[in-house]
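S.K.: got a predicted model here, sequence first, then my questions.
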Amino acid sequence: MSLDRAKAHLEQFGLAGRIQLFDVSSATVELAAQAVGCAPARIAKTLSFKVGERPILVVAAGDARIDNSKYKHFFGVKARMLTPEEAVEHIGHAVGGVCPFGIDTPAVTAYLDVSLRRFDTVYPAAGNAASAVRLIHKPTGVVVSSQQERSQFQNKDNCMKQLRAKLIELKIQQHAEKISDIKGVQMKIEWGSQIRSYVFMPYQLVKDTRTGYETSQIDNVMDGDLDGFLNAYLTQLATGELKK
């Protein structure tokens, strides 16, 4: 595990006891500063880049930013950060816990940025993101969280899976409600529950049992002419006179 490798490395210098573990996430500068109880600038963030095929680390103060022109002048190439997968492969630590300690690959070179000079004490990561992720889907307000994994990215992946499942469930529910709204109140298929009665002989009559509207033009009704029934229904619905 990344934390164990970092601890073993620091033990060589008698510094393993300085590692601090938290019950909350320290995967970002802001979260780490809250966990440690210090200014964000004192968090020594470790940035991983690729120079050609060679991975490098730049350890800088938490409030420092990479100056692309200076970076290119020093390394001869534009700054290109490692992907999360490349960080694990080349550095051995997942993003959120990347640090210059316990790196198995000899080809990795660590550089200390001048932004660290102003501090006598800084707090770098030690291979552990102590991570917890909480995601909110703003359009719906759906909240999901995951904190069972040590990796910030694994927790985020778990959250995204939970979020997709909840959004699908919400979509199905909304669709069912929409269909129900369109269908309206459904009566049981039994005698006395019909909304219209039809008489073909000895006389012709169609009557709406809800509104009382009736017509003797039964052939027109059977051909689909329901305008009179619809107008009566909507009028009584609007005025509150519709029978339940």
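M.R.: Looks like it came in fine. Numbers count the residues shown, from 1 in each chain.

S.K.: buried set for the longest strand seen in the chain?
M.R.: Taking DSSP state E as the criterion, the chain has its longest strand at strand 43-51. Using 16 or more other CB atoms under 10 Å as the test for burial, strand 43-51 gives 43-51. The C-beta positions use only the backbone N, C-alpha and C, and glycine is treated the same way.

S.K.: what about the strands in the protein?
M.R.: Going by DSSP E, the chain shows strands at 43-51, 54-60, 109-112, 123-124, 133-137, 142-146, 196-199, 205-208, 214-215.

S.K.: how about those in JSON lines, adding mean pLDDT and distance to residue 25?
M.R.: Listed next are these as JSON lines, based on pLDDT from 0 to 100; distance: least, CB to CB, whole Å:
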{"stretch": "strand 43-51", "mean pLDDT": "89", "distance to residue 25": "13"}
{"stretch": "strand 54-60", "mean pLDDT": "90", "distance to residue 25": "20"}
{"stretch": "strand 109-112", "mean pLDDT": "90", "distance to residue 25": "24"}
{"stretch": "strand 123-124", "mean pLDDT": "83", "distance to residue 25": "15"}
{"stretch": "strand 133-137", "mean pLDDT": "54", "distance to residue 25": "7"}
{"stretch": "strand 142-146", "mean pLDDT": "67", "distance to residue 25": "11"}
{"stretch": "strand 196-199", "mean pLDDT": "91", "distance to residue 25": "64"}
{"stretch": "strand 205-208", "mean pLDDT": "94", "distance to residue 25": "64"}
{"stretch": "strand 214-215", "mean pLDDT": "94", "distance to residue 25": "71"}
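
S.K.: among those strands, which is nearest residue 236?
M.R.: strand 205-208 (9.8 Å; CB to CB).

S.K.: pull the CA atoms of the closest one into CSV?
M.R.: Written as CSV, here are the backbone C-alpha positions of strand 205-208 (Å, rounded to 0.1, in the frame of the first residue of the first chain):
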residue,chain,number,x,y,z
LEU,A,205,-78.8,8.3,-27.4
VAL,A,206,-75.3,8.7,-26.0
LYS,A,207,-75.1,10.2,-22.6
ASP,A,208,-72.1,11.2,-20.5
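
S.K.: tell me the strands beside it, with direction?
M.R.: The strands beside strand 205-208 in its sheet (DSSP bridges) come out as strand 196-199 (antiparallel), strand 214-215 (antiparallel).
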